[in-house]
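[1] I need the structure of the sequence given here:
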Amino acid sequence: MALINFTLPEMVGYARIATLPPVRLLIVAIAGTAGILAELDDFLTDPGVARHPASESELPALDLELIVADRDFDRVVRGGVKTLEGLADLSRSEATARSLNTLSLHLFPEGQALVNRTYLAEAAVAETVDERLTAEDVALLQRVKLLDVEDLGVEVTDWKATGATLRDLDTRRARLRQAEIAASPLGTALIARRNRWIKAIKHLRSVLEFDATGTDETRGAILSKLDEAEAHADERERKRVAALNASLTA
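    Here you go, the predicted model:
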């Protein structure tokens, strides 16, 4: 995981968590953390951070919506592939097994590898699914009964809508990011401040790692929100890089 992938609002968000009770009290009780808290306090009061447009950005909310939609998209891909493969293996009819495998291929041409594509690439596969399905496929979808919804056909219909959501959110995010960059490019002072935030967080993690008196519960209370935000930031960066690579090879 990489702290460099954090947006400024995400940095501000965790700095606020760390410098306010109850987390601040937990950090204060650990030797060697006074300088870390002072650095985070300075970060929050830095005029460049406070007035930067990204502090009011819609990007974090869009990123969260994208992550939620992507998880739902991936759920259907993974579950759909496994379900159809399992039913094919269980089938007593070779013809039915072939139909199930064909249906899986038409729904998810790349199999479970589809979950590693960019948001826009995933959207394209879901949005064009009707073009790949035959009448036999549609009938078979309705025969695959599920526990939470009536059948696999219902799940696929919702999956198409999720694809459209991914496209809309990713397009909006790209436009907003470009607008923010154009309106207020990061200056060298703000870049330096970001680097000091990263250094402070790395120091905090190091202190917690070697604190013999700390407990897993304490470490979790201090770092859980940071770890969660970092996972989101890394996933966002992975998708961004994949999209860039796809555009270069198109």
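
[2] and the residue nearest to Lys145 when sequence neighbours are not counted, how many residues sit next to it?
    Closest residue to Lys145 apart from its sequence neighbours, by Cβ to Cβ, 6 or more residues apart in numbering: Asp151 at 5.4 Å. C-beta: built from backbone N, CA, C; applies to glycine. Residues near Asp151, counting by other Cβ atoms under 10 Å, number 14.

[3] residues touching Asp151, list them.
    141-145 (Cβ atoms under 8 Å, 6 or more residues apart in numbering).

[4] Any of the residues you listed buried? List them.
    141, 144 (16 or more other Cβ atoms under 10 Å).

[5] and of the contacts of Asp151, the nearest to Ser93?
    Nearest to Ser93 among those: Arg143, at 12.7 Å, using Cβ to Cβ.

[6] Check the spacing between the spatially closest residue to the closest one that is not a sequence neighbour and Asp74 real quick.
    Of all residues not flanking Arg143 in the chain, Asp151 sits nearest, at 7.1 Å (Cβ to Cβ, 6+ apart). According to Cβ to Cβ, to the nearest Å, Asp151 stands 20 Å off from Asp74.

[7] roughly how far apart are the residue most central in space within the chain and Gln178?
    Nearest to the geometric centre of the chain sits Ile67, at 3.8 Å (Cα atoms, centre = their mean). According to Cβ to Cβ, Ile67 stands 21 Å off from Gln178.

[8] residue contacts, the residue nearest to Trp159 when sequence neighbours are not counted?
    With Cβ to Cβ, 6+ apart as the criterion, Trp159 has its nearest non-adjacent residue at 4.4 Å, and that residue is Val76. Residues near Val76 by Cβ under 8 Å, 6+ apart: 155-156, 158-159, 162.

[9] Could you do Val23 as well?
    Contacts of Val23 (Cβ under 8 Å, 6+ apart): 17, 221-222.

[10] quick one: the host helix or strand of Glu235 to chain centroid distance?
    Under the criterion of DSSP states H and E, Glu235 resides in helix 216-249. Centroid separation for helix 216-249 versus its chain: 7 Å, with Cα atoms, centre = their mean, to the nearest Å.

[11] same for it, what does it pack against?
    Identification of packing neighbours for helix 216-249 by 3 or more Cβ pairs under 8 Å, 6 or more residues apart in numbering; DSSP states H and E yields helix 8-19, helix 23-28, helix 59-90, helix 119-127, helix 188-210.

[12] average model confidence for it?
    Averaged over helix 216-249, pLDDT sits at 83.

[13] now it and helix 59-90, what's the angle there?
    Using axes from the mean of the first three to the mean of the last three Cα atoms, to 10 degrees, one finds that helix 216-249 and helix 59-90 are set 80 degrees apart in direction.

[14] buried sites along helix 216-249?
    218-219, 222-223, 226, 229-230, 232-236, 239-240, 242-243.

[15] How about stretch 102-114?
    102-104, 107-108, 114.

[16] try stretch 116-134
    117-123, 125-127, 129, 133.

[17] What is the nearest of the residues you listed to Asp63?
    For the buried residues of stretch 116-134, the nearest to Asp63 is Tyr119 (10.9 Å; Cβ to Cβ).

[18] pretty sure that closest one is touching Arg172, no?
    No. Look at Tyr119 against Arg172 with Cβ atoms under 8 Å: they stay out of range, at 11.3 Å.

[19] tell me which helix or strand of the protein sits lowest on mean pLDDT?
    helix 47-51 (a mean of 72; mean pLDDT, DSSP states H and E).

[20] Give me the subset of the buried residues of stretch 102-114 lying in helices.
    Using DSSP state H, 102-104, 107 are the members of these that sit in helices.

[21] does Ala212 sit in a helix, a strand or a coil?
    coil (DSSP: H, G, I helix; E, B strand; the rest coil).

[22] All further residue positions should be reported with the first residue as 623.
    In the new count, where the first residue is 623, that last one comes out as Ala834.

[23] Fine by me, thanks again.
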